[in-house]
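J.: quick one: sequence plus predicted model below, questions after.
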Amino acid sequence: MKKIYRSISANYFYAKVQHSLVRCDISFTILRRMMKRDFLDVHGGKLYYEVLGTGHSLVLLHAGIANLRMWDEQVTAFSKHYQVICYDARTYGESTSEAVEFSNCQDLLGLLNHLNIDKAHVLGISRGGSIAMDFTLEFPEKVSSLVMIASNPSGFDYTDDSELEKTYFVRDEELSETKNAEAMAELDVEMWVDGPGQKPGRAHKSVREKVRAMTLERYQTYFAAFPEHEPTPIPLKPPATERLASITVPTLVITGSLDFSYTHAAAKAMTRDIPNAKHVSISDVAHMVNMEKPEAFNKVVLEFLNQLS
């Protein structure tokens, strides 16, 4: 288990580093030593979380093919301005779960309450974005703003996938039945990192390898832990798709131009139906927008958040 730094000297050093972040760049490896890192007991499981920075809280929710390590370059940039909270969802990264019914929204609420956070900006990508939106609808008093990246509202129904896109989803279902973790991880990289219809290897090697490692580890761990019964997330009722107009917090929707068509359709629906929602498309990236173009992504998010201050 990783060390958790709690000594007075470490806290003092952490504060000094935080002050200096506005003036110099420090590698993420060094920053991790300054983080608060711990586990939180939740119903039927444990959540691993990390906290870095001071100021208004900003929660980052990872994608379904990743874990909190996908946010490394965002934590470095955002913690100069905000208190950044990342956590591994159940069965991802270092978080665990028993084969129970659970609520992703209650997990996030429990984490915020544990950290004595009254209100936070909530940002999520893909699966994490759907959780972020559900949480905003369930607990609007806890949310300062919402950022949805390459995501869709829960209950979103889309049937206009191209024939090429449909072949990816068919292959995904077939491989899921075989529980071939390595093949599933390779397909995830092809679908979500390179993007549908793109040449394999389009995305930078470092991004492809990092995502492959995260999703492969998750599949292997999950299949070993749950050979029969699995943890079951409780869906939001009614789903977010039917309640978009009731979202009143400032909302930013971000997509990558090379992503699947359903993400673009979802972005259009959210921008249309959520009052005053803004949409930004980042060119020449697919689903993992923040990892492919971190500088462009960080700029868009920080401009949105800073204008709310």
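T.: On my side now, so go ahead.

J.: which stretches of the stretch 151-300 of the chain have low pLDDT?
T.: Within the stretch 151-300 of the chain, not a single segment meets pLDDT under 70.

J.: quick one: the helices in it?
T.: 163-178, 181-188, 205-225, 261-273, 289-292, 294-306 (DSSP state H, counting those that start in this stretch).

J.: and for residue 31, the neighbour number?
T.: 20 (other C-beta atoms under 10 Å). The way it works is simple: take the backbone N, C-alpha and C, and place the C-beta from them, glycine included.

J.: my guess is it contacts residue 75, does it?
T.: Yes - checked against C-beta atoms under 8 Å, the pair residue 31 and residue 75 is within contact range at 7.0 Å.

J.: quick check: neighbours shared by these two?
T.: Taking C-beta atoms under 8 Å, 6 or more residues apart in numbering as the contact rule, the neighbours common to residue 31 and residue 75 are residue 52.

J.: hey, C-alpha coordinates of stretch 56-69 in PDB?
T.: Presented in PDB, the C-alpha positions along stretch 56-69 are these (Å, rounded to 0.1, in the frame of the first residue of the first chain):
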ATOM      1  CA  HIS A  56     -12.700  25.800  -4.400                       C
ATOM      2  CA  SER A  57     -13.000  22.000  -4.900                       C
ATOM      3  CA  LEU A  58     -12.900  20.400  -8.300                       C
ATOM      4  CA  VAL A  59     -13.800  16.700  -8.600                       C
ATOM      5  CA  LEU A  60     -12.600  14.600 -11.600                       C
ATOM      6  CA  LEU A  61     -14.400  11.400 -12.600                       C
ATOM      7  CA  HIS A  62     -12.600   9.000 -14.900                       C
ATOM      8  CA  ALA A  63     -13.700   7.100 -17.900                       C
ATOM      9  CA  GLY A  64     -14.800   3.500 -18.000                       C
ATOM     10  CA  ILE A  65     -11.600   2.400 -19.700                       C
ATOM     11  CA  ALA A  66      -9.300   4.100 -17.200                       C
ATOM     12  CA  ASN A  67      -8.800   5.100 -13.600                       C
ATOM     13  CA  LEU A  68      -7.700   8.200 -11.800                       C
ATOM     14  CA  ARG A  69      -4.300   8.100 -13.400                       C
END
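
J.: check the offset of it from the chain's centre.
T.: Relative to its parent chain, stretch 56-69 has a centroid offset of 3 Å by C-alpha atoms, centre = their mean, to the nearest Å.

J.: just stretch 248-256 next, same as before
T.: The gap between where stretch 248-256 is centred and where its chain is centred comes out at 14 Å by C-alpha atoms, centre = their mean.

J.: before we move on, what about stretch 196-205?
T.: 21 Å.

J.: switch to numbering from 6
T.: Sure, I'll start counting at 6 from here, so that last one is stretch 201-210.
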